[in-house]
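Colleague: structure for this input, please:
(one chain, ligands or ions: 2)
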Amino acid sequence: MAVYTTIPPERLEAFLADYDLGPLVQIDGIAEGVENTNYLLETEAGRAILTLYEKRVRAEELPWFLGLMQHLSSRGLKCPTPVIARDGVALRSLMDKPAAITTFLPGRPIAAITPSACFSLGQSLARFHLLGEGFRATRRNALGPEAWKPLLDSCKGAGDTLRPGLTQELDEAIAAVLRDWPREGTLPAGQIHADLFPDNVFFQEGDVSGLIDFYFACTDLLAYDLAICLNAWCFPDEATPSAALMAGLMGGYQSVRPLSPDEKAALPVLVQGAAIRFLLTRLYDWVNTPRDAIVTRKDPLAYHHRLTVWRDDAKGLLHV
Ligand SMILES: Nc1ncnc2c1ncn2[C@@H]1O[C@H](COP(=O)(O)OP(=O)(O)O)[C@@H](O)[C@H]1O
Ligand SMILES: N[C@@H](CCOP(=O)(O)O)C(=O)O
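Modeller: Ligands and ions are numbered 1, 2, ... in the order given. Predicted structure coming up:
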């Protein structure tokens, strides 16, 4: 569920009066998503998404996220763009929470991941990276390598209840990955999406029709974004890697932005880092989400499987 805040009709009407969208035809709460409250708005001007930003997104960072979306969509990336109100401002307040309207994107997440879907995803990811070049403001990755050990420590050994020995194993894996992590300035960096999972990519007739959910986006290594996608898209049963899906993703990406030899050489450590990052945030949520919460907790061990696979032979699997 992702409707944490309901809006009385008179508050909505007053909010919409600041826009040039015409009268409201219909409003529906959107069940998908976990972080924010999302509504599908239908006005005389067409469809749009109304988002009320809930606790986990820091209000002071919203101008950066909205600015990046505006920058990328105005340069042709298929992603939501903030709708500007009559006073020229996109980020507003509704029900005492930050709120914004963004454009609606057609399409749906893909039902079954195929090599050609991965190719199309790779192309979109590379375009994101190239088009992000002109967006100068930066945002540090709050879930980057230096955050992993504190995140593990904050779980206070709870991982061992999911898998005996997991805490120590992760402690050692983090240390090993940090030792090999590319030094600052050695690989191309820029704006990355950082959470481009299958639920955040819409498809129409087999091709990507839109990228959504920019609220983990940050400034980091471009190849790390590809490493996140290799984890999220190329393990169809959550444990076994698919060579065909990886080839599709790598091929699509490199058809738009070829990786440098240094980026290729770093990919084995970047995929391990990406597996650790999602394992840890899922573990944190596993420990800290009340059992009766309506949100479905995601399985941390799915990323332990991936980490094991990468540690075994990332170089061979990725052909780098
Ligand atoms: N621009 C958009 N166009 C169409 N649907 C959208 C758009 N943005 C969000 N949605 C819908 O809202 C859902 C939740 O959005 P998302 O940004 O993933 O929320 P959360 O940040 O809460 O996880 C998506 O799965 C999708 O169905
Ligand atoms: N993609 C992350 C969780 C973040 O969820 P989202 O709904 O905001 O994309 C994971 O799978 O662990």
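
Colleague: how about the residues of the stretch 1-150 of the chain by ligand 2?
Modeller: 33-35 (C-beta under 6 Å from any ligand atom). Bear in mind the C-beta positions are built from the backbone N, C-alpha and C, glycine included.

Colleague: which of these tops the neighbour count?
Modeller: residue 34 (19 neighbours; other C-beta atoms under 10 Å).

Colleague: hang on, that one packs against residue 2?
Modeller: Yes - the pair residue 34 and residue 2 passes the contact test of C-beta atoms under 8 Å, sitting 6.0 Å apart.

Colleague: quick check: closest non-adjacent residue to the closest residue to ligand 1 within the stretch 1-150 of the chain.
Modeller: Proximity of the stretch 1-150 of the chain to ligand 1 (C-beta to the nearest ligand atom) peaks at residue 33, 2.7 Å away. Leaving aside its sequence neighbours, residue 33 sits nearest to residue 2 (C-beta to C-beta, 6 or more residues apart in numbering; 3.7 Å).

Colleague: burial count for that neighbour?
Modeller: Counted with other C-beta under 10 Å, residue 2 comes out at 18.

Colleague: near ligand 1, which residues of this protein show up?
Modeller: Counting by C-beta under 6 Å from any ligand atom, the chain sits next to ligand 1 at 2, 30, 32-36, 38, 49, 80, 102, 104-105, 199-200, 212-213, 215.

Colleague: among those, which are located in helices?
Modeller: In this view, the residues of the chain next to ligand 1 have no member that belongs to helices under DSSP state H.

Colleague: which of those fall in strands?
Modeller: Taking DSSP state E as the definition of strands, these contribute 38, 49, 102.

Colleague: possible to save these as JSON lines with neighbour count and pLDDT?
Modeller: Putting those into JSON lines (neighbours: other C-beta atoms under 10 Å; pLDDT from 0 to 100) gives the following:
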{"residue": "38", "neighbour count": "21", "pLDDT": "95"}
{"residue": "49", "neighbour count": "18", "pLDDT": "98"}
{"residue": "102", "neighbour count": "22", "pLDDT": "98"}
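
Colleague: return the member of those nearest to ligand 2.
Modeller: residue 38 (10.8 Å).

Colleague: residues contacting the nearest residue to the closest one once chain neighbours are set aside?
Modeller: In space, and not counting its chain neighbours, residue 38 is closest to residue 30: 4.2 Å by C-beta to C-beta, 6+ apart. The contact partners of residue 30, taken as C-beta atoms under 8 Å, 6 or more residues apart in numbering, are 2-3, 38-40, 49.

Colleague: residue 184: neighbour count?
Modeller: By the measure other C-beta under 10 Å, the count of residues near residue 184 is 8.

Colleague: now do it, the pLDDT please.
Modeller: Residue 184 carries a pLDDT value of 93.

Colleague: who's in contact with the residue nearest to the spatial centre of the chain?
Modeller: Nearest to the geometric centre of the chain sits residue 195, at 1.9 Å (C-alpha atoms, centre = their mean). The contact partners of residue 195, by C-beta under 8 Å, 6+ apart, come to 213, 215-217, 228.

Colleague: could you redo the last one with a cut-off of 10 Å?
Modeller: Applying C-beta atoms under 10 Å, 6 or more residues apart in numbering, we find residue 195 in contact with 143, 212-218, 225, 228, 232, 278, 281.

Colleague: distance of it from residue 157?
Modeller: 27 Å (C-beta to C-beta, to the nearest Å).

Colleague: and what of residue 23?
Modeller: 56 Å.

Colleague: with neighbour numbers in mind, choose between those two.
Modeller: Between residue 23 and residue 157, residue 157 has the larger neighbour count (other C-beta under 10 Å), namely 12 against 9.

Colleague: now, which of the contacts of residue 30 sits nearest residue 9?
Modeller: Ranked by distance to residue 9 (C-beta to C-beta), the contacts of residue 30 are led by residue 39 at 12.5 Å.

Colleague: what is the burial count for the closest one?
Modeller: Neighbours of residue 39 under the rule other C-beta under 10 Å: 22.

Colleague: so what's it bridging to?
Modeller: Beta bridges link residue 39 to residue 29, residue 50, judged by DSSP bridges.

Colleague: which ones are touching the residue lying closest to residue 180 once chain neighbours are set aside?
Modeller: Nearest in space to residue 180, with sequence neighbours left out and distances taken as C-beta to C-beta, 6+ apart, is residue 269 at 4.4 Å. Residue 269 is in contact with 176-182, 224, 227, 310, 314, counting by C-beta under 10 Å, 6+ apart.

Colleague: and those residues, which are buried?
Modeller: For the contacts of residue 269, a burial check counting by 16 or more other C-beta atoms under 10 Å picks out 177, 181-182, 224, 227, 310, 314.

Colleague: thought residue 173 was touching residue 307?
Modeller: Yes - counting by C-beta atoms under 10 Å, residue 173 does reach residue 307; the two are 6.5 Å apart.
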